[in-house]
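Asker: any chance you could fold what I've pasted below:
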Amino acid sequence: MDESRKLDRTWLCSIVFSDIVNYSSQSVELQMKWRRYFNDVLVEALRSVPPDDRIVLGLPLGRD
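Answerer: The predicted structure is shown next:
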């Protein structure tokens with residue numbers, strides 16, 4: 001798609017927040033398992049969205 005057509009595009013944005021209850025109180029080993037599982041689920045869910053059309057950020061809250 002040429003650049004002028006990209007600018008005429010309608011944009012739709014979704015923001016998803018996910019929290020694993022008591023994540024920070026679990027062992028590091030269990031945290032890593034949760035993270036791998038969540039990443040696998042997320043990759044599968046986003047498979048149909050082209051990489052240039054998505055932004056995925058994993059941000060720790062660090063509040064516990």
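Asker: please identify which helix or strand holds residue 32.
Answerer: According to DSSP states H and E, residue 32 maps onto helix 28-46.
Asker: for that helix, list the C-alpha coordinates in CSV.
Answerer: Once non-C-alpha atoms are left out, helix 28-46 reads as follows in CSV (Å, rounded to 0.1, in the frame of the first residue of the first chain):
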residue,chain,number,x,y,z
VAL,A,28,10.0,-16.9,40.2
GLU,A,29,9.6,-20.3,38.5
LEU,A,30,5.9,-20.1,38.6
GLN,A,31,5.9,-16.5,37.4
MET,A,32,8.0,-17.5,34.4
LYS,A,33,5.5,-20.3,33.6
TRP,A,34,2.6,-17.9,33.8
ARG,A,35,4.4,-15.4,31.6
ARG,A,36,5.2,-18.1,28.9
TYR,A,37,1.6,-19.3,29.0
PHE,A,38,0.2,-15.8,28.7
ASN,A,39,2.6,-14.9,25.8
ASP,A,40,1.7,-18.1,24.0
VAL,A,41,-2.0,-17.2,24.3
LEU,A,42,-1.4,-13.6,23.2
VAL,A,43,0.7,-14.7,20.1
GLU,A,44,-2.1,-17.0,19.0
ALA,A,45,-4.8,-14.4,19.5
LEU,A,46,-2.8,-11.8,17.5
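Asker: I'd like the mean pLDDT over that helix, please.
Answerer: Throughout helix 28-46, pLDDT has a mean value of 90.
Asker: what sits up against that helix?
Answerer: Outside helix 28-46, the residues that touch it by Cβ atoms under 8 Å, 6 or more residues apart in numbering are 18, 20, 23, 24, 26, 54, 56. All C-beta spots, glycine's among them, are computed from the backbone N, C-alpha and C.
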